[in-house]
Structure formats: structure tokens, C-alpha cells
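Participant: output the structure for:
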Amino acid sequence: MPEANDPVRIIDPGQELLRELLRGRAATRALGDGAMTRLTGGLSNQAWRVEHGGWIWYARLGYADAERLGVNRDSECALLAAVAAAGFAPDVLACDPRTGLLVTHYIDGRTWQSSDAAEPRNLARIGSLLARLHTMPPGPGIAAVSYAEQARRLASTIPASDPTVTALRHRADQAFDRIERRRPRRALCHHDLHHLNVVDTGARLWLVDWEYGGVGDPLFDVAGFLALHELGAAETDLLLGAYGAGASVDRGVLEEARWAFDYVQWLWYRSRRDSRPDPDGVLADREGRLASRLLRCNNRQVDSGKGGG
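Facilitator: Residues are numbered from 1 along each chain as shown. A predicted model of the protein is given here:
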């Protein structure tokens, strides 16, 4: 028994597992003895800042139900290798699909806040970055990602009696049908352009957290950025101008893609309700706000459809 004044070592099971995994690989063995600081802010994965030998690294442990939520770890590793080589993401030291271990260089920069995403200069920067990303040729091993299929898979994990699923199913089918009728080109996409996944060094932007990325419809990267930050018409014009598609994008289809992106977001949060503790109510709050927004848009569409009667 320790004496009353003895310090008590608090064991972090995640950190202990991380050290074990790092020590089990030649490329990362030394990092297993590094100084680790737990990083906060993520909703799913566990992540640490690891310092060793004058270098700083980012280390992540993936969550157990990743595949059920649409994450393909083999594809993620192939995608990270491609986008790191092209300068969109930090260099990768280790990526293990089996354990979900990821180790990359730690970018010494400022993670964006929500307000950064609405600044004109930053809209131009992110638009230009996406334009370059979407011209990259897809490499081997990178999986195709379909938002329509993602929606169907996530919806299948939710009870059919859920009233929000019932209310939105028809609108979702219509939205995805209209988007796919364009026969969109396929490109490398990030698919989760939340401000917390943008690191700004001042000189340039880096994108992190690529686990939902893949070969997909680039419209969803643009629509997703707009939806995640609830940006309006003026910000949309600035983003599309920098992206190089200001006049060519059908704004009606873009709005459908924003709605569809929010719908997939809501399905993701709803599907996690029964599989993960939510003591702070963060998941429930985001799920509720998304459901309200989706239902408002859905009801407006239904009402407008009755207008000509």
C-alpha cells in the first residue's frame, strides 16, 4: 500500500497500448519511450503528441467500430501515402490497418477555429487547395467512396422505426439521384473538411484526419466545407471563385449536396448513439441540431411542392 503522501501513478490504458504498439515496430520502437501528451478535440480516435530525440510526432489509435462507420483502414494508409507525397498532409512514419495505429510528423501550426473558415483570405486558400487536390490522379489501393452508399449503410444500423429516418428517407433518395445524374468525375477527396482538420502554419495549410477520404465526387468536399461551417452565399461565391468553378457549378445541385452531406453527418451521429458513451452530451447535441436543420429544409421542400395545387 502506498503511503498517504506518495504520488499515485494514473495509468492511461490507451497510452499503454500505444507504447506497446510503437515498441512492436522497428520504425517506431524508440517512440515507445517518448514523452506523450494526450490530444483532445476528436470525437472518435485517441491521439497523442509524442516527443523523442528532438522530434515531435502525432500518434493515433483508431476506434473499434471504424468499419461500421465507413472507414477503410487499408485505403486510408494508401491515401495518406499519396497526399503526404504531394504535400497536402504530413509525412507518415507508420500506418497499420490492423490496429488503427497511425504515426505522422507533428505539424507545428495553429488548428483553425470555426471563424477562420469564413474569412475571405482563408476561403481563397482552401478553395485553391481543393482545386489542386481534386486534380491529383487516384493511386493504387485507394477505395472509391459513395455518399449514397455511405448513407444506406449507416441508415441500416438505425432502427427503421426512427421517425427522423422515416421523414427524411424520400428526400435523401431524391437528393442523391439528382447529384448522381450529373455523372460526376471522380477525384481524390478528403470528405471531412472540418476546421479542426485544417492546420495553418501561416505560410500554408495542411489537411489532417483523412480516414473518410478516398476517390469520390469532389462536389462533396466543397459542399461539405460549406455545410460544416454554415456558410452563406457570399462565402460560397468566394470559395467557388478560388476553386475555379464559380460559374460552372449548378447552385441547386450544390444545395442538394450540402443537404446530403448534413444527412450523412446526422446518420453518423445517430448510429453512434447506442454504441458509444456520451457523458457530456456532445454527440446528442450535434445529432439534434443536424436533425432540426434537415427537417426544416425537408419541410420547406414539401410545402413548396404543395404550392401549385
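Participant: Leu254: neighbour count?
Facilitator: Using other Cβ atoms under 10 Å, Leu254 has 18 neighbouring residues. Where you see a C-beta, it was placed from the backbone N, CA and C, and this is true even at glycine.
Participant: can you tell me the element the residue lying closest to it once chain neighbours are set aside falls in?
Facilitator: Of all residues not flanking Leu254 in the chain, Ala223 sits nearest, at 5.9 Å (Cβ to Cβ, 6 or more residues apart in numbering). Following DSSP states H and E, one finds Ala223 within helix 219-228.
Participant: next up, the contacts around Thr37.
Facilitator: Residues counted as contacts of Thr37 (Cβ atoms under 8 Å, 6 or more residues apart in numbering) are 48-49, 51.
Participant: after the helix or strand where it lies comes which helix or strand?
Facilitator: Using DSSP H and E, Thr37 falls within strand 35-39. Counting by DSSP H and E, the next helix or strand C-terminal to strand 35-39 is strand 46-52.
Participant: who does whichever helix or strand comes after that next one pair up with?
Facilitator: Using DSSP H and E, the helix or strand that directly follows strand 46-52 along the chain is strand 55-61. If you go by DSSP bridges, strand 55-61 pairs up with strand 46-52 (antiparallel), strand 101-105 (antiparallel).
Participant: how about the strands in the chain?
Facilitator: Along the chain, the segments classed as strands by DSSP state E run 35-39, 46-52, 55-61, 92-96, 101-105, 110-111, 187-189, 198-200, 205-207, 214-216.
Participant: which one of the ones you listed lies closest to Arg181?
Facilitator: Closest to Arg181 of the strands of the chain, according to Cβ to Cβ: strand 214-216, at 16.4 Å.
Participant: for the closest one, give the mean pLDDT please.
Facilitator: Regarding strand 214-216, the rounded mean pLDDT is 97.
Participant: who are the packing partners of that strand?
Facilitator: Packing contacts for strand 214-216, counted by 3 or more Cβ pairs under 8 Å, 6 or more residues apart in numbering; DSSP states H and E, involve strand 187-189.
Participant: for the strand it packs on, list every residue counted as buried.
Facilitator: Going by neighbour count (16 or more other Cβ atoms under 10 Å), the buried part of strand 187-189 is 187-189.
Participant: and which of those residues is nearest Thr157?
Facilitator: Out of these, the member with the shortest distance to Thr157 (by Cβ to Cβ) is Cys189, at 23.1 Å.
Participant: wait, isn't that closest one in contact with Ser146?
Facilitator: No - counting by Cβ atoms under 8 Å, Cys189 stays clear of Ser146, with 11.2 Å between them.
Participant: which residues are in contact with each of these two?
Facilitator: With Cβ under 8 Å, 6+ apart as the test, Cys189 and Ser146 both reach Gly216.
Participant: and Tyr63, what pLDDT?
Facilitator: So, for Tyr63, pLDDT stands at 74.
Participant: now it: how far from Met136?
Facilitator: 28 Å (Cβ to Cβ, to the nearest Å).
Participant: give me the more crowded residue out of those two.
Facilitator: Counting neighbours by other Cβ under 10 Å for Tyr63 and for Met136 shows that Tyr63 has the greater number, 19 against 15.
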